[in-house]
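the following block contains a protein sequence and its predicted model.
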Amino acid sequence: KRPMVRLAPLLLLAVAVAVVEAQRCQNLWPQPKQLSPFVGNGTRTIDPAVFQIKLNSGVEQTDIIKTTIERYKRLILQKVPESTQIVYPESNGNNASPSGAITELIVNIKDSSTGSTKINLGIDESYKLEITLDRHSAYLNAQTWVGMLRGLETFSQLVQPMAYDLVVTCVPIVIDDAPRFPWRGLLLDTSRHFHPVWSIKRVLDAMSYNKLNVFHWHLIDAESFPLVLKSHPELAAKGAWNQDSVYTPSDVAEVIQYAFSRGIRVVPEVDTPGHTYSWRHADPKMILNCAKLVTRAAYPGINSIALDMTYDNTYSVLKDVYTEIASLFSDSYLHVGGDEVIAHCLDEFPRVKQWMQLNLNGSTNYKDLIRYFRYRLSPMVTDAKKKMIVWQEAFEEMEGQPNSPLFPNNTIVQVWKNDNFTDAVRASLSSKFPTLVSAGPPFPQTPRLEDHTSELQSLRNLVCSLLLENKNISWRNHYSFTTSVPSLETCYFILVHLDLHTIALYQRLRVLLSIC
């Protein structure tokens, strides 16, 4: 028994040392799921003249694997954004690497074909990275090319410029990593603030560097309709800010391909029936132009305007638009919105209630009209072979309704309202709906991680407790916040819902991702 007594403090010391060593390796972001017990504080040099990233023999080199390796070799050797060049001093005449330098990163991919043309929700993004003090080779093992991509990003974060050398820090190190959540998204609103394609690509780069994997493209809103559609060209021709502020089908394809090369899915949002003032150019009768609310200077203003859900042509235009957008975007999900339908706007049109009384069993409750809209809209999306994402209001309106078109196997619920958001998450999970959480305590604008530690920890604990309350859904530990706290396999986690014009993207992502 005495040796065991002596062993206890040694174990405590080992744990303490491991924590200190892990904290020392601050370049890794987000922090990996698992680091080796003792992360070193040594360094290894990289000679840019000879360094290579090589696929293990037997691994099929698909186009996406080849381009990803080439891109990360450039990034690693430059260690600055891709548009900037660093000129390294000439190496010695025979291109021999310095003694002890890492000359190659050897990559092994177990399944190189999965996701080679399309990334689906739940693709395996795990990887294992090993760097020793004495070998000239570092080793990266992944299940898929997306896992390889995440591992290459981690390796690049360990490489730092030092004087005229590139060095690999935190050596020796073994990283066994996998995402805690399969849906790690960022919303960008390009209706209220138009972003040209080059700007969207910068956002996608930043997402990739932070291992985010879903670009939630908020394409259309009350303020503008920037998407050019063949079925209704008048929408963008008259509804965009100007003719330079539009996205053509080729622009969409370019964004999707660029995102794919960075392991990111693109999910478009076309919000209806609210936030639809810009749709008036297809047919002015489609919208309820409630003048009393629109003249308000404060929000919501024109965001109060909704589609006329009693007008038949509304649904003809909707079907055209959703069908064409479904054909432009390859992802399995399409966000149909459903938030902020303002009852006061509908009040300005007595004919709406008259229609409801004639067609909805005498009802004068606007929720019944919105449910009618949902019954007609949902088949348009499912017929286009897409699954839906809805804001929480759409779920709340349909909850408990007979013959609801929203099912856990075809709909994800996105909770966004900060007020009582825990109750909304509980309700969605209790009904077994996959749930996106983009609500929570508001963060101060100061984008420094140390300023938000307590808020982030509180939010993490809160979400974990919500997940643990629901006992009816199976668990998967590898989607948890930590290895000891299980999370739902059907709960996909979003924290980022930003106005990118007011917050520095890179720093803000680092704050929010500290718990992802």
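Happy to help now that I have it.

per-residue pLDDT, E324?
Confidence at E324, expressed as pLDDT, is 97.

for the closest residue to D271 other than its chain neighbours, give me phi and psi.
On the basis of CB to CB, 6 or more residues apart in numbering, the spatially nearest residue to D271 that is not a chain neighbour turns out to be G337, at 2.8 Å. The C-beta positions use only the backbone N, C-alpha and C, and glycine is treated the same way. The phi and psi values for G337, taken as degrees, to the nearest 10, are phi 70, psi -130.

helix or strand with the lowest mean pLDDT in this structure?
strand 475-476 (a mean of 28; mean pLDDT, DSSP states H and E).

thinking the residue nearest to D271 is in contact with E269, fair?
Yes - A contact is recorded between G337 and E269 when judged using CB atoms under 8 Å, the distance being 6.2 Å.

quick one: the helices in the stretch 1-150 of the chain?
Assigned by DSSP state H, counting those that start in this stretch, the stretch 1-150 of the chain shows helices spanning 2-24, 63-78, 145-158.

please apply the same query to the stretch 251-400 of the chain.
Under DSSP H, counting those that start in this stretch, the stretch 251-400 of the chain gives helices at 291-294, 312-328, 343-346, 350-359, 366-383, 392-398.

what are the bridge partners for the residue nearest the centre of the chain, then?
Within the chain, the residue whose C-alpha comes closest to the C-alpha centroid is G185; the distance, by CA atoms, centre = their mean, is 1.5 Å. Assessed by DSSP bridges, G185 has beta-bridge partners V214.

can you tell me how far it is from S327?
When distance is defined by CB to CB, to the nearest Å, G185 is 22 Å away from S327.

surely S113 meets Q61?
No - between S113 and Q61 no contact is recorded; they are 11.4 Å apart, counting by CB under 8 Å.

dihedrals phi and psi, the closest residue to H136 other than its chain neighbours?
Using CB to CB, 6+ apart and skipping the chain neighbours, the partner closest in space to H136 is T103 (4.7 Å). In terms of degrees, to the nearest 10, the main-chain angles of T103 are phi -100, psi -20.

and for L436?
Recorded main-chain torsions at L436 are phi -100, psi 130, according to degrees, to the nearest 10.

local confidence estimate at it?
L436 is assigned 86 on the pLDDT scale.

I'd assumed Q414 was in contact with it.
Yes - the criterion here is CB under 8 Å, and L436 meets it with Q414 at 4.1 Å.

pLDDT weak spots in this protein?
Counting by pLDDT under 70, the chain contains low-confidence residues at 1-24, 79-99, 163-164, 291-301, 440-516.

report how many residues lie close to the residue nearest to D271.
The number of residues packed around G337, counting by other CB atoms under 10 Å, is 25.

do a quick rundown of the strands in the stretch 101-250 of the chain.
For the stretch 101-250 of the chain, the strands identified by DSSP state E, counting those that start in this stretch occupy 104-109, 127-131, 137-142, 159-162, 165-171, 173-177, 185-189, 214-220, in order along the chain.

relative to R426, which of the ones you listed is closest?
Taking CB to CB as the criterion, R426 comes closest to strand 185-189 out of these, the separation being 21.4 Å.

show me what that closest one is packed against.
Using 3 or more CB pairs under 8 Å, 6 or more residues apart in numbering; DSSP states H and E as the contact definition, the elements that strand 185-189 packs against are helix 197-209, strand 214-220, strand 496-497.

then it to CSV, C-alphas only?
Coordinates of the C-alpha atoms in strand 185-189 are reproduced here as CSV (Å, rounded to 0.1, in the frame of the first residue of the first chain):
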residue,chain,number,x,y,z
GLY,A,185,-21.3,27.5,-38.5
LEU,A,186,-21.1,31.2,-39.3
LEU,A,187,-23.9,33.4,-40.6
LEU,A,188,-23.1,36.1,-43.1
ASP,A,189,-25.9,38.6,-44.0
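
orientation of that strand relative to strand 214-220 in degrees?
Counting by axes from the mean of the first three to the mean of the last three CA atoms, to 10 degrees, strand 185-189 points 20 degrees away from the direction of strand 214-220.

orientation of strand 185-189 relative to helix 197-209 in degrees?
Calculated by the same axes, to 10 degrees, strand 185-189 forms an angle of 160 degrees with helix 197-209.

mind listing what's buried along strand 185-189?
Neighbour-count burial for strand 185-189, counted by 16 or more other CB atoms under 10 Å, picks out G185, L186, L187, L188, D189.

could those residues go into CSV alongside distance to M162?
Conversion of the buried residues of strand 185-189 to CSV gives the following (distance: CB to CB, whole Å):
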residue, distance to M162
G185, 35
L186, 32
L187, 38
L188, 35
D189, 40
